[in-house]
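**Q** My questions are about this predicted structure, shown below with the sequence.
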Amino acid sequence: MKRASRETMIKLRLDVDYAYPSRIKSFLYTALNRKTDKNYLKNSKIIAKMINESPREVKAFWFFTPYTTPDKELLELLTSDKHEVALHVANDPYGELEKLEQATNRKVEFYTVHGTARLLARLMWRRKLWEARASIPDGFPLQSFYEFPTLGFDLACHNNPPAQAVEIAEASIAKGEVLHIHPEWLFQRGTYNHRGPFYEPLKKILQVDTELATLVVQKRGFAKLARYVETKEYERDFIPTARLLEKLSERGLDIFTFLERKWCCPIANPSETWRRTEDNIALLNVATYSDWLERVGKKTRNMVRKAEKSGVKTEVVENNDRFAGGVWKVYNETPIRQGRAFPHYGKSLQTVKAIVNLGTNFTYIGAFFQDEMVGFLQLVIGDKIAIISQILSLQKHSDKAVNNALVAKAVEVCAEKQCRWIMYGRMGNHPSLDNFKQNNAFTKFSLTRYYVPTTGKGRIAMRLGLHKQVKDVVPQPIKGSLIPVYNWVSRNKTRMRFH
């Protein structure tokens with residue numbers, strides 16, 4: 001192994017002990033010395049693709065046993081610039097070396113030895129019962145990989161939170177050490193040997209799969225549905241690529257959903273394989289501030305003037321500690337808002353600071369009364385749209401029409417930025433909030449949401465209608481009568497929790 005670039009190169013040692021993500025299937029097929037095409041070396045192929053897509057300098061050393069010999073698909077991924085085939089000795093060093101070089105048509109230079117402590121595993125690997133590992137004869141032509149300093153990365157991922165595991169690994173890389181992983185623990189946690197899961201930390205180290213970073217995964221019956229966080233769906237035009245859908249399938253995500261931004265950029269030729277459902281948003285078409293003020297009606301205009309006369313001032317504010325402190329104060333004023341439990345109540349100041357620092361394209365508007373921040377509005381600026389992702393004010397100042405003043409300022413800011421559209425959530429799930437939106441000239445805009453199955457499980461789930469949310473299946477008249485019940489349950493659960 002070259003040593004000239006030790007300080008910059010990421011070196012990986014991958015011991016491919018078992019061929020399948022399922023431990024039971026791997027044990028069975030190893031014992032029977034059988035191989036099938038489906039899911040064979042699935043995790044190894046995912047890791048190989050991640051390495052190939054990484055912008056960092058990576059060298060991966062793949063140690064294969066006689067029961068995990070790479071197939072054609074994996075060999076095509078193991079390009080010579082980033083990968084090297086090596087031997088993981090199970091029983092017969094010379095025989096296994098010859099078979100590996102013939103099967104891969106690659107020159108092998110390094111070896112490691114597969115070790116097994118449990119009696120059943122020794123039988124499965126056809127090893128002598130008194131041998132925990134095969135012995136390497138004198139004069140064996142391969143170089144031992146054990147001489148290189150190594151960090152058990154999947155062990156570190158089992159014993160530490162993902163962020164800390166990344167820090168440990170980066171420090172190890174800086175010292176020129178090799179990161180040692182077993183592909184079978186990519187997504188699962190080992191209880192007996194304390195390994196994995198290491199996908200998330202490895203993803204950050206290799207700087208890949210960034211398009212998956214903002215995905216939200218929800219359970220829909222027996223299937224997993226993936227979607228981008230709510231505001232991301234509306235910020236930019238998006239059509240899933242074949243590679244994205246492949247990644248979702250590889251990572252066990254069964255359905256992917258996205259929407260069509262038809263208010264500005266309708267999809268010309270949507271695929272016939274995409275399942276369609278109707279969705280909606282509250283949308284405001286912005287021309288000028290004065291035009292909006294004329295459209296909202298007398299009641300809303302009076303509320304905006306009332307806020308001004310009460311001494312409420314609104315302005316775009318910087319995201320700093322003072323602003324975060326104001327947000328924290330609003331969050332923790334009351335556990336109940338709009339008749340239901342408020343999810344941000346009880347959060348620490350440190351947590352609130354982290355929340356307000358999440359977005360790089362946020363514009364914050366603060367409402368102030370006698371130098372106290374009494375409310376705020378979070379505006380996400382996207383392509384041809386601005387999204388009101390949060391608007392809150394202190395209830396003790398509810399007589400001053402603070403929220404009306406915040407919306408008015410948001411319209412003024414968007415008009416100045418020549419942002420034509422403002423979105424404010426959905427319509428139909430909260431009657432009082434719907435009225436507030438309508439009074440501020442927001443209208444219900446229908447759009448199409450698409451669902452794409454990425455696995456067989458996902459296709460079955462969609463046939464059963466499991467991809468839909470319950471609140472979208474319930475008819476509107478019934479939903480209206482259930483909202484007070486939901487609010488009552490939500491309030492009482494919160495009161496019991498804090499009591």
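**A** Alright, I've got the coordinates.

**Q** If the residue most central in space within the chain is in a bridge, with which residues?
**A** Centroid-nearest residue in the chain: Leu215, 3.6 Å away (criterion: CA atoms, centre = their mean). For Leu215, the beta-bridge partners are Tyr228 (DSSP bridges).

**Q** pLDDT below threshold where in this structure?
**A** Scanning the chain for pLDDT under 70 picks out 1-7, 26-27, 29-32, 37, 116-132, 359, 470-499.

**Q** Distance check, the residue nearest to the centre of the chain against Arg275.
**A** Distance, Leu215 to Arg275, by CB to CB, to the nearest Å: 19 Å. Quick note: C-beta positions are derived from backbone N, CA and C, even for glycine.

**Q** Could you do Ala48 as well?
**A** Counting by CB to CB - Ala48 and Arg275 are separated by 32 Å.

**Q** Leaving aside the residues adjacent along the chain, what's closest to Ala86?
**A** Phe110 (4.2 Å; CB to CB, 6 or more residues apart in numbering).

**Q** which ones are touching the one you found?
**A** Met1, Phe61, Phe63, Glu84, Ala86, Leu87, Leu142, Gln143, Ser144, Phe145 (CB atoms under 8 Å, 6 or more residues apart in numbering).

**Q** May I see the buried residues of the stretch of helix or strand Ala405 belongs to?
**A** Using DSSP states H and E, Ala405 maps to helix 402-416. For helix 402-416, burial by neighbour count (16 or more other CB atoms under 10 Å) applies to 402-415.

**Q** helix, strand or coil for the closest residue to Thr104 other than its chain neighbours?
**A** The shortest distance from Thr104 to any residue other than its chain neighbours is 5.1 Å, reached at Val85 (CB to CB, 6+ apart). Classification of Val85 using DSSP: H, G, I helix; E, B strand; the rest coil returns strand.

**Q** And the residue nearest to the centre of the chain, how far from Lys203?
**A** 12 Å.

**Q** rewinding a little: with neighbour numbers in mind, choose between Ala48 and Arg275.
**A** Higher neighbour count among Ala48 and Arg275: Ala48, with 25 against 17, using other CB atoms under 10 Å.

**Q** Let me know the helix or strand that the more buried one is in.
**A** helix 42-53.

**Q** just to revisit the earlier point, please name every helix or strand in contact with the helix or strand following the helix holding Ala405.
**A** The helix or strand immediately downstream of helix 402-416 is strand 421-423, counting by DSSP H and E. When contacts are defined as 3 or more CB pairs under 8 Å, 6 or more residues apart in numbering; DSSP states H and E, strand 421-423 packs onto strand 275-285, strand 386-393, helix 402-416.

**Q** So what touches the first one?
**A** The one in question is strand 275-285. 234, 259, 263, 270, 292, 411, 420-428, 434, 437, 440-453, 462, 467-468, 472.

**Q** rewinding a little: just put the helices and strands packed on strand 421-423 in a markdown table and tack on distance to Arg220.
**A** Formatted as a markdown table, these follow (distance: least, CB to CB, whole Å):
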| stretch | distance to Arg220 |
| --- | --- |
| strand 275-285 | 13 |
| strand 386-393 | 24 |
| helix 402-416 | 34 |
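
**Q** Of all these, which one is nearest Asn319?
**A** When the helices and strands packed on strand 421-423 are compared by CB to CB, strand 386-393 sits nearest Asn319, at 13.2 Å.

**Q** bridging residues for the closest residue to Thr273 other than its chain neighbours?
**A** Excluding the flanking residues, the one nearest Thr273 by CB to CB, 6+ apart is Val452, at 7.0 Å. Taking DSSP bridges as the rule, Val452 bridges to Phe256.

**Q** in what helix or strand does the nearest residue to Ser144 once chain neighbours are set aside lie?
**A** Leaving aside its chain neighbours, Ser144 sits nearest to Tyr111 (6.4 Å; criterion: CB to CB, 6+ apart). Secondary structure from DSSP H and E places Tyr111 in strand 110-113.

**Q** Sheet-wise, list the partners of that strand with their directions.
**A** strand 83-89 (parallel), strand 143-144 (parallel).

**Q** the inter-axis angle of the first one versus helix 42-53?
**A** With axes from the mean of the first three to the mean of the last three CA atoms, to 10 degrees defining the directions, strand 83-89 sits at 150 degrees from helix 42-53.

**Q** and for strand 83-89, what are the contacting residues?
**A** Against strand 83-89 from outside (CB under 8 Å, 6+ apart): 15-17, 48, 51, 59-65, 68, 70, 77-78, 93, 96-97, 100, 104, 106, 108-114, 134, 136, 142, 145.

**Q** Please name every helix or strand in contact with the helix or strand that that strand is followed by.
**A** Using DSSP H and E, the next helix or strand after strand 83-89 towards the C-terminus is helix 93-104. If contacts are counted by 3+ CB pairs under 8 Å, 6+ apart, helix 93-104 sits against strand 83-89.

**Q** List the buried residues for the strand it packs on?
**A** His83, Glu84, Val85, Ala86, Leu87, His88, Val89.

**Q** Please export the C-alpha coordinates of that strand as CSV.
**A** Provided in CSV are the C-alpha atoms of strand 83-89 (Å, rounded to 0.1, in the frame of the first residue of the first chain):
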residue,chain,number,x,y,z
HIS,A,83,-10.4,-0.4,-5.2
GLU,A,84,-8.2,-3.5,-4.7
VAL,A,85,-9.3,-7.1,-4.3
ALA,A,86,-7.7,-9.0,-1.4
LEU,A,87,-8.1,-12.3,0.3
HIS,A,88,-9.9,-13.0,3.6
VAL,A,89,-8.6,-16.5,4.4
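
**Q** wait, doesn't Asn357 sit right on Asp321?
**A** No: Asn357 is beyond contact range of Asp321, at 10.4 Å (criterion: CB atoms under 8 Å).

**Q** picking that back up, how about the residue nearest to Ser144, what does it touch?
**A** So Tyr111 contacts 63, 86-89, 93, 97, 136, 140, 142-145 (CB under 8 Å, 6+ apart).
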